[in-house]
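Engineer: need coordinates for the below:
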Amino acid sequence: MKQNIAIIMGGYSSEYEISLQSGNVVYKHLNKEKFNCYRIHIFKDKWVYVDDDKNEFPVNKHDFSIQPGNQKIKFDCVFNAIHGTPGEDGYIQAYFELLEIPQTSCGFYQAALTFNKRDFLSVVKPYGIKSATSYYLDKGDVIDEDAIIKKVGLPCFVKANRAGSSFGISKVHNKEQLIPAIHHSFTEDHEVIIESFLDGTEVTVGVIKYKGETIALPITEIVSDNDFFDYEAKYLGKSQEITPARIPQEWTEKVSDIAKRVYDLLKMEGFSRTEFIFVDDEPYILEMNTVPGLTDASLIPQQAQEAGISLEELFENAITEVLNKKS
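Structural biologist: The predicted structure is shown next:
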């Protein structure tokens, strides 16, 4: 008997368009002979099932069911493809845990922790994992430009603390750019993190549970045509994403081990993609994404294919892992 899989996509943040692309890639590649697949769009104003003819049917939020015809459909598993809130910050994970519906991303605690860059870096720091010098601001705080520059130096990065896909991020080269950059970040979140500039080789490491084991996928080296790996570089082709990365084997082993260690320390499940910059042979961790992009332009699909894992296998494995855990 085929299992009913809800592929949730959309979300409440600036990343919703990318999420819709990710969800549609998952829908395209999941084996329809094994699964009944349903695209579920989740937005602030509506939760709906969208069929192949683009007809919309409401989702019953009480039990996360749909009724496109006479028969009520409930789901054996949810494939989470929502980047940003509520899919990557713990809210949707907690909702499905209350309903006892398995879902393919990590637990609600891990999602909330990793989505908050400040808290995530604070948790991994005691384990000897290096990160950039940082300065924190909350909306309404007095902004002391001199104190910020004294601590993190110039150039520096100003980031929304809880946002993805490089929304709300700026590279600041001089004091005059600092205040506008902070206000830009506050458009995405009421918390801001300002980090020192790390001049080195940027890499990203995908880690997944695959056939019951934690594995690191082939590493991708990021070479941005822009000043940094911003939205245009990520999604509009203004970067080189080189997989496998052109780094020494020693670096590959070191950063893969750290990425897997963080994954296991946090008791992660599902997909993760962790960003690092190498400075003087040492990897500095930037952030971890727990619902990374799954579009045709995204890094996890590139890395999986380099590892010899097809997208059909990758997505089916995510479902199999969580259903095996339930059983």
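
Engineer: state the mean pLDDT of the helix or strand hosting residue 47.
Structural biologist: Assigned by DSSP states H and E, residue 47 falls within strand 46-50. Strand 46-50 carries an average pLDDT of 98.

Engineer: please renumber so the chain begins at 97
Structural biologist: From this message on, residue numbering opens at 97, which makes the last subject strand 142-146.

Engineer: report the inter-axis angle for whatever helix or strand comes next after that strand versus strand 142-146.
Structural biologist: Heading C-terminal from strand 142-146, the first helix or strand you meet, by DSSP H and E, is strand 152-156. For strand 152-156 against strand 142-146, the angle between stretch directions is 120 degrees (axes from the mean of the first three to the mean of the last three CA atoms, to 10 degrees).

Engineer: now do strand 152-156: which elements does it pack against?
Structural biologist: strand 131-139, strand 142-146, strand 161-162 (3 or more CB pairs under 8 Å, 6 or more residues apart in numbering; DSSP states H and E). Bear in mind the C-beta positions are built from the backbone N, C-alpha and C, glycine included.

Engineer: need the strands for the stretch 197-346 of the chain, in chain order.
Structural biologist: With DSSP state E, counting those that start in this stretch, the ranges of strands along the stretch 197-346 of the chain come out as 230-234, 252-256, 265-268, 287-292, 297-306, 309-312, 316-320, 335-338.

Engineer: closest to residue 406 out of the ones you listed?
Structural biologist: The closest of the strands of the stretch 197-346 of the chain to residue 406 is strand 297-306. By CB to CB, the value is 12.5 Å.

Engineer: avg pLDDT for that closest one?
Structural biologist: When the per-residue pLDDT values of strand 297-306 are averaged, the result is 96.

Engineer: residue 278 is nearest to which of the helices and strands packed on strand 152-156?
Structural biologist: Closest to residue 278 of the helices and strands packed on strand 152-156, according to CB to CB: strand 131-139, at 28.9 Å.

Engineer: buried ones in that closest one?
Structural biologist: By neighbour count, and taking 16 or more other CB atoms under 10 Å as the criterion, the buried residues in strand 131-139 are 131, 133-138.

Engineer: which two in the residues you listed are spaced the farthest apart?
Structural biologist: Looking across these, with CB to CB as the criterion, the two at the greatest separation are 131 and 138, at 19.4 Å.

Engineer: where's the strand holding residue 143 relative to the chain centroid, distance-wise?
Structural biologist: Between the centre of strand 142-146 and the centre of its chain there are 23 Å (CA atoms, centre = their mean, to the nearest Å).

Engineer: contacts for it next, please.
Structural biologist: The contact list for strand 142-146 (CB atoms under 8 Å, 6 or more residues apart in numbering) reads 134-137, 152-155, 157, 162, 164.

Engineer: mind showing which ranges of the stretch 147-296 of the chain have poor pLDDT?
Structural biologist: Judged by pLDDT under 70, the stretch 147-296 of the chain has its weakly predicted residues at 260-263.

Engineer: so the residue lying closest to residue 157 once chain neighbours are set aside bridges to which residues?
Structural biologist: Setting aside the residues directly before and after it, residue 157 is nearest to residue 143 in space (CB to CB, 6 or more residues apart in numbering), at 6.3 Å. Beta bridges link residue 143 to residue 138 when assigned by DSSP bridges.

Engineer: gap between residue 143 and residue 189?
Structural biologist: Computed as CB to CB, to the nearest Å, the residue 143 to residue 189 distance reads 16 Å.

Engineer: the more surrounded of those two?
Structural biologist: When neighbours are counted by other CB atoms under 10 Å, residue 189 comes out ahead of the other of residue 143 and residue 189, with 27 against 18.

Engineer: quick check, the more buried one in contact with residue 207.
Structural biologist: Yes - applying CB atoms under 8 Å as the test, residue 189 and residue 207 come out as touching, 5.1 Å apart.

Engineer: which residues do the two both contact?
Structural biologist: Taking CB under 8 Å, 6+ apart as the contact rule, residue 189 and residue 207 both touch residue 201.

Engineer: name the nearest residue to residue 271, ignoring sequence neighbours.
Structural biologist: Distances taken as CB to CB, 6+ apart put residue 241 closest to residue 271, at 5.8 Å, once the chain neighbours are dropped.
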